[in-house]
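Novice: turn this into a model:
(4 chains, ligands or ions: 4)
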There are 4 protein chains.
Amino acid sequence: MSAVPANLHGYQQRRQALMTQMEQRGGGVAIIPTAREWVRNNDNHFPYRHDSYFYYLSGFCEPEAVIVLTVRQGRQQSLLFCREKNPDHEIWDGYRYGPHAAQELFGFDHAYPIADLDACMPDILSDTPHLFYSAGNAPHLDPSLQQWLQAVRERSRSGVQPPHTIIDIRPLLDEMRLFKDTHEVTLMQRAATISGQAHLRAMRHARPGQFEYELEAELLHTFRRHGAQSPAYGAIVASGANACVLHYQNNHSQIRDGELVLIDAGCEFDSYAADITRTFPANGRFSKAQQTLYELVLAAQQAALDCARPGARYMDGHHAAVRVLTQGMLDTGLLNKNQVGHVDDAIASQAYRQFYMHGTGHWLGLDVHDAGQYREPDQQGDERPYRRLEPGMVMTIEPGLYVRPAEGVPEIYWNTGIRIEDDILITPDGHLNLTRDTPKTVAEIESEMRPHTMRP
Amino acid sequence: MSAVPANLHGYQQRRQALMTQMEQRGGGVAIIPTAREWVRNNDNHFPYRHDSYFYYLSGFCEPEAVIVLTVRQGRQQSLLFCREKNPDHEIWDGYRYGPHAAQELFGFDHAYPIADLDACMPDILSDTPHLFYSAGNAPHLDPSLQQWLQAVRERSRSGVQPPHTIIDIRPLLDEMRLFKDTHEVTLMQRAATISGQAHLRAMRHARPGQFEYELEAELLHTFRRHGAQSPAYGAIVASGANACVLHYQNNHSQIRDGELVLIDAGCEFDSYAADITRTFPANGRFSKAQQTLYELVLAAQQAALDCARPGARYMDGHHAAVRVLTQGMLDTGLLNKNQVGHVDDAIASQAYRQFYMHGTGHWLGLDVHDAGQYREPDQQGDERPYRRLEPGMVMTIEPGLYVRPAEGVPEIYWNTGIRIEDDILITPDGHLNLTRDTPKTVAEIESEMRPHTMRP
Amino acid sequence: MSAVPANLHGYQQRRQALMTQMEQRGGGVAIIPTAREWVRNNDNHFPYRHDSYFYYLSGFCEPEAVIVLTVRQGRQQSLLFCREKNPDHEIWDGYRYGPHAAQELFGFDHAYPIADLDACMPDILSDTPHLFYSAGNAPHLDPSLQQWLQAVRERSRSGVQPPHTIIDIRPLLDEMRLFKDTHEVTLMQRAATISGQAHLRAMRHARPGQFEYELEAELLHTFRRHGAQSPAYGAIVASGANACVLHYQNNHSQIRDGELVLIDAGCEFDSYAADITRTFPANGRFSKAQQTLYELVLAAQQAALDCARPGARYMDGHHAAVRVLTQGMLDTGLLNKNQVGHVDDAIASQAYRQFYMHGTGHWLGLDVHDAGQYREPDQQGDERPYRRLEPGMVMTIEPGLYVRPAEGVPEIYWNTGIRIEDDILITPDGHLNLTRDTPKTVAEIESEMRPHTMRP
Amino acid sequence: MSAVPANLHGYQQRRQALMTQMEQRGGGVAIIPTAREWVRNNDNHFPYRHDSYFYYLSGFCEPEAVIVLTVRQGRQQSLLFCREKNPDHEIWDGYRYGPHAAQELFGFDHAYPIADLDACMPDILSDTPHLFYSAGNAPHLDPSLQQWLQAVRERSRSGVQPPHTIIDIRPLLDEMRLFKDTHEVTLMQRAATISGQAHLRAMRHARPGQFEYELEAELLHTFRRHGAQSPAYGAIVASGANACVLHYQNNHSQIRDGELVLIDAGCEFDSYAADITRTFPANGRFSKAQQTLYELVLAAQQAALDCARPGARYMDGHHAAVRVLTQGMLDTGLLNKNQVGHVDDAIASQAYRQFYMHGTGHWLGLDVHDAGQYREPDQQGDERPYRRLEPGMVMTIEPGLYVRPAEGVPEIYWNTGIRIEDDILITPDGHLNLTRDTPKTVAEIESEMRPHTMRP
Ligand SMILES: [Mn+2]
Ligand SMILES: [Mn+2]
Ligand SMILES: [Mn+2]
Ligand SMILES: [Mn+2]
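Specialist: Ligands and ions are numbered 1, 2, ... in the order given. Reported below is the predicted structural model:
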């Protein structure tokens, strides 16, 4: 429990890199708090989840902790404020590092009890030009910060000054987090692999008459027995019409024969998320109409995957998927050519949004919707171009098709929701699909599901 | 999804019973908000859990909802403020009842959009003598309440008055919640049965070399596939020395041959909690020393169970368990008779707390540490007696023994943590053990574990 | 400075009377904080004004102080939390009593440093049934109170309980404050006398060409040289059309010949307010039109004064004044009989509100708009009758007439604002006019103003 | 009332100058709110005082107003959010400009109702790199700002971004406010002249047996009748020992024959402060001991005045005054040479602080302790030198001497407090004493006081 963190040097390097950026902006003090604990009901808490920025810079998982970095006249220091050792509390709530061990094991220059934060910060904030902090993102800390600054201001007649500028530290860290290093890619591959196995197992267990939550149970079992600490987000197990609710999470319906089942689920492994969606027939065999739509979404995903390479713009994949999907909507009669015109018209008028109303992906990492700008960071304004993909970025590619009952829409497609989502690492040559092993074609899916539906 | 709630009449009866109490206190307005949603990381939320008081009075599970009850001149009204229907949001986040359907299906006199709360409340709070509200327990609502009251005060020159008295509504509801009705007992038995099956399965799967989380996976799987929505609290799977940390929850150690495994876990089924602890040998066979301590705890639990009947005081079971445990500590040499004296002395001096430092149970219900006073509610002061047990109360009985390495303590017992916990419904005749089917004796446990450890 | 307060026994009696009321409601703890200090600009504060409720119970004028009264099992205690002695601070900011001297001189049972409040209150609030407190009226204390209650709640498993009911202490104190005792009447007479002298002096100094603030200077001078600590409210010195703005306070216009000047001003003497309005001609002679309207207001005031006796309802004076004024509006042509009908009609339709849009008075005491209900306190609802006047009540009687330019209104009356306000103590026999010495009739006013306008 | 502000062009120039600075820092949005209204007691408010920064940029005096400046791609805009016109409110509370008139008369590019602020700000804050704002100084606005920023963040997937940097706008404005322009100097001279006349009048009226507040009344009268809107700070009228309390403000003691009276008082004229202290004998004649100490302070002030010229460091005057005072303490025996050594030793050891414990002045302007750094603004750190004086700066020079009873201090000097304070404008040639006309030498003071103490 008190072993050296696997990636100690990596965390130190990230703090170092951040301090270099601080230096380039003229130095100052950075404050990065971790997350709070939240009550679920009465005195029962939600499972604790640290703040992703804080963790990215420390690997430290305890609540009630704050990183403070100081860059002043060329001298850099990294400080950790954390819970003190307390044998009585530890009998109840478990091991804590305490400042002494934490300083050593997590490679900080100094560590102090969190209870000393209020006493220390006014000095630390005195006569430092810039404060690197993300206001509004830690509401429990904002009032304390104002008190610290006020304490500095009250010394101003003696010539001491508070920081005159607050630089939002998140954009700096967002840009760092956008590019995953080897350690991160290893963890993300592990999260992806476990999640893929969970999908495979759910597929194999599925049969009509089950409740959606029975498939969720298979997911949870697979996640946890492989050491994942938590689902990365609330799993979606949506049968039939439920799949047309994008974030459906009740998972309490009974699955009927002939329906598709859409599962969007991934685990969080050592704080990194996977995010996979697969859609399959409850009875193991796609109907003809289901197959038509499914292969349309699959083709759209392939078109988007083809854009996942260095130099392409972030939005290229979305545009490619939309084109394939829209053409398919016209071909299948979901959209009426007489009404919406040709594919270019249907794209321009956004007619396709009746059946495809979300984006084709997002960054993935410590958060399932991970940090990082989608447009060129060095430009300003609403019109700046989407950023070019570069090696080290990880993103999802997840087109879908959702057909609710509506006049003019062929009834054979009603209540069908399909989404196919993979997790993609951009590489120098193109990309690596971290979720490549999870069955995706009609043939693969029907083959995996065969044993228990149509034993030969 | 829009079906009538199973227990509609029950929820209405509870609101009715509460309003009768309000009437007896001179009438007024009650405000009972549900819980907030909480962010886990970035834009990813924790699974939503409604407030237990709110749910107890409504069966309503959506966030952003407030119950308002008015009792005025003999006229009672129950109002619900909830989210409005919104087709766009519902495509993304799923079905909402909306005020119209909610009013009808959940049996309220009126229902309104939550957005109208600020506009409605000053009128509702005008010229009502008592406000039934629990200040400080819904920090997001407290400031709004102050604004509503201020709005009433500003009309005071025209003779309108705000409530002059705020009665904490929780004690009234606590007393109601303490006595479970048939519907609740049915759900709690279901939660207990599922949880017991989960323990049984974990026991059967256990073997040295596994990681603790692999057993947690078995628990989660069993919970969810039987329809439980969530664990009722963070599961404890603690092998060896970890079991001496009372709320150990990392569950990431490897289980070693010869160790005991303590599992404290229960599911939440339709909002009601189970809470079971079992302790068993990783390899399927208790060592002699483990058996000695285990049977001591078991005897202590039996002594406490014998006190679980109407008329006994809440603390009687604890005192009985402490006496058995303390005698056992002396008999086994955990405590040194020469130093601590006879059993009465060791109890008086609390010497036993070195190895048993927690209470023997707690109320159980919508919350795992459920609402309800432990002392006679109609008396005041620190010295008032513990309350007498009555039919309908549900409580846990969970003695334990935790031996950390320490000078003077026989090494053979070091790093042993044992707890045995059942969920008990007080009945007119005595009690019903809701978790009676989960193996508990040495013989039962070893028998269940035999198949995979010592196949004959 | 450390002398015994003039009214020590009176303050003790008030605390005693409050505790008797607390006892009748079952006992508990009362918390009454004083007011905060407020910054005016940069580090410069507004002159400190204590909270009126706090002062009423203590006579104590320092900021950072809280009264705590406990009534428990027949035992009553009055506690004061206040600033500690601090020689360094006292060199800068002046004398402080400190807990030791304050306890003795102000007659509390105990006194403690204000810094100990957080540590003491959880114990004080444990196992007490009622909290007497006015939530929302001391926003700086509300969060602290929630923390104290939370600290008590956290001990609840050991059988300790927080108060289950919060009774708004202000209505109890409002009812006490409504009836002035001899000490209060003496101070109010002093405030009224000083204020009357100030009005007289302003009248004598007035002449066309002055600025309004020059007359305000006369008021301030008179107030302060007689020992009044402050104006009781922002003085209104309104010439001509400015008098039609009810709370005009800029006082920066030049007074023109032929205009009326309305002065509404009173001082605060030892925390008690006076509130006098007089209206007079800038040049010392009422024009005919001015006199007509002035004598109408004077007659209305007399009608209201005739209602100022025990047994009359609070609103009787207003109704009497409105009737006189409305009849006068019809007689003078301000209201057109052909349009609004007879006096009863014009009252019923509130047509008179074009020229008289405010009430005819308010309670007066520690606050200029003093505490106290205007309707019967023992009844509920919007329709309950206005309360009957009783000896000891102090109120203002202040009818007015404000004629803005408008079509159909005789031009001769345009831009005329008149108000006449006296401070009235209800006596067993009728009333005592505390401001009786301030000139009020046309003859009195013209006589006082004669020396400097029309020297014979 | 709706006339063009006297200095319209000046305010526009200041906003322009600020926007130029914003441009140099890369552009962005500045938010400058005015001050809140504060309740004094019950529903009675303190006289409203606008925020000095806000006023400096607008000349606008109404509460509930915010200036927003935007500098974006070379385009500058100045916006005002203010109260809407409201005829009903204006009958009660007086004239308001309303956005339409305010935009025109105060020279803004646009003006909007304050109620629209929440709706407008997210757009204004979108895609702007820098926010110029002083967090923590307008606690009522900070939470709103966080909501606006959060609203921008929620649009971030569409490529919109919130400001990444918050620059404290106060240091920029402090530096501007430090240098007074002609308009400001004119107002400050007016404030100084009125305040000097008030001192002179108090001096002439003083006689033993009066209460201190009677002299305060003379001050208030003089301030207000000359059009000053308010005292700039709470007047100190301290007789005898009271003068040793630096911020004594009770002013309720009776003045005794033979005592000195110290008056520290100044008015605020059109928002600019004067700050004058004079000390004189209650009976019009300095005793020998009083004269000795008085002339020592006068000499110290002269030494400090000699340093008030361009190029001198801010602290030079203080050092000069301390040297004179310390030498005088040694000469008079206040300090014992045998104990504290020579003047250099007594300065080094700060022995003089027993009798002179405050600084020798402060910046003066819109605030009595005005904005502006005391050390070189372009350097960092605690050790950076005090700034050099430059033409346009205004400061007070106010040495003092306070002799409390103490062992070893000659009794003849006990309970003597003396301070002499003038307001100084630094000019290219040296300085201009704005308060030059207020009697200061022993001869001048005794001459002014003669008429009523020793009529010839
Ligand atoms: Mn996704
Ligand atoms: Mn338990
Ligand atoms: Mn009045
Ligand atoms: Mn000064």
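Novice: would you map out the domains in chain A?
Specialist: Domain segmentation of chain A under automatic domain parsing yields A:8-176, A:179-453.
Novice: the last one: how far from the chain's middle?
Specialist: Averaging C-alpha coordinates over domain A:179-453 and over its chain gives two centres that are 14 Å apart (Cα atoms, centre = their mean, to the nearest Å).
Novice: the shortest one now?
Specialist: When distances are taken as Cα atoms, centre = their mean, domain A:8-176 is centred 23 Å away from the chain's centroid.
Novice: up against chain B, what does the stretch 301-450 of chain A have?
Specialist: Residues of the stretch 301-450 of chain A lying close to chain B by Cβ under 8 Å from any Cβ of the partner chain are A:Met357, A:Leu366, A:Asp367, A:Val368, A:His369, A:Asp370, A:Ala371, A:Tyr402. For the C-beta atoms, the positions are set from N, CA and C on the backbone; glycine is no exception.
Novice: derive a ChimeraX selection command for the buried subset of the residues you listed.
Specialist: Typed into ChimeraX, the line below selects the buried ones among those, using 16 or more other Cβ atoms under 10 Å in any protein chain shown:
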select /A:366,367,368,369,370,371,402
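Novice: reformat the residues of the stretch 301-450 of chain A next to chain B as a markdown table; add distance to chain C, secondary structure and pLDDT.
Specialist: Converted to a markdown table, these look like this (distance: Cβ to the nearest Cβ, whole Å; DSSP: H, G, I helix; E, B strand; the rest coil; pLDDT from 0 to 100):
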| residue | distance to chain C | secondary structure | pLDDT |
| --- | --- | --- | --- |
| A:Met357 | 44 | coil | 95 |
| A:Leu366 | 33 | coil | 98 |
| A:Asp367 | 32 | coil | 98 |
| A:Val368 | 34 | coil | 97 |
| A:His369 | 34 | coil | 96 |
| A:Asp370 | 36 | coil | 96 |
| A:Ala371 | 33 | coil | 94 |
| A:Tyr402 | 46 | strand | 98 |
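Novice: and after the helix ranked longest in chain A, which helix or strand comes next?
Specialist: Taking DSSP state H as the criterion, chain A has its longest helix at helix A:182-205. Going down the chain from helix A:182-205, the next helix or strand is helix A:212-225, by DSSP states H and E.
Novice: helices or strands next to that next one in the packing?
Specialist: Helix A:212-225 is packed against helix A:182-205, strand A:230-231, strand A:236-239, strand A:260-265, helix B:212-225, with contacts defined by 3 or more Cβ pairs under 8 Å, 6 or more residues apart in numbering or on different chains; DSSP states H and E.
Novice: buried ones in the longest one, by neighbour count?
Specialist: Judged by neighbour count using 16+ other Cβ under 10 Å, the buried positions of helix A:182-205 are A:183-185, A:187-204.
Novice: would you pull up the residue in the stretch 51-200 of chain A closest to ligand 1?
Specialist: A:Ser195 (11.5 Å; Cβ to the ion).
Novice: measure that residue to A:Ala217 for me?
Specialist: 15 Å (Cβ to Cβ, to the nearest Å).
Novice: cool, and A:His369?
Specialist: Taken as Cβ to Cβ, the span from A:His369 to A:Ala217 is 26 Å.
Novice: what do you get for A:Gly359?
Specialist: A:Gly359 is 30 Å from A:Ala217, by Cβ to Cβ.
Novice: what residues are up against the residue in the stretch 101-250 of chain A that ligand 3 sits nearest to?
Specialist: Closest contact between the stretch 101-250 of chain A and ligand 3, by Cβ to the ion, is at A:Gln150 (39.4 Å). Residues near A:Gln150 by Cβ atoms under 8 Å, 6 or more residues apart in numbering or on different chains: D:Gly136.
Novice: could I get the buried residue list for whichever strand or helix holds it?
Specialist: Assigned by DSSP H and E, A:Gln150 belongs to helix A:142-153. Neighbour-count burial for helix A:142-153, counted by 16+ other Cβ under 10 Å, picks out A:Asp142, A:Ser144, A:Leu145, A:Gln146, A:Trp148, A:Leu149, A:Ala151, A:Val152, A:Arg153.
Novice: could I get the full set of helices for the stretch 201-350 of chain A?
Specialist: A:212-225, A:288-305, A:316-332, A:337-340, A:343-348 (DSSP state H, counting those that start in this stretch).
Novice: okay, those helices in CSV with mean pLDDT and mean neighbour count next?
Specialist: Output for the helices of the stretch 201-350 of chain A, formatted as CSV (pLDDT from 0 to 100; neighbours: other Cβ atoms under 10 Å in any protein chain shown):
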stretch, mean pLDDT, mean neighbour count
helix A:212-225, 98, 25
helix A:288-305, 98, 20
helix A:316-332, 98, 22
helix A:337-340, 95, 13
helix A:343-348, 97, 16
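Novice: out of those, which gets nearest to ligand 4?
Specialist: Comparing the helices of the stretch 201-350 of chain A under Cβ to the ion, the one sitting nearest is helix A:316-332, at 65.9 Å.
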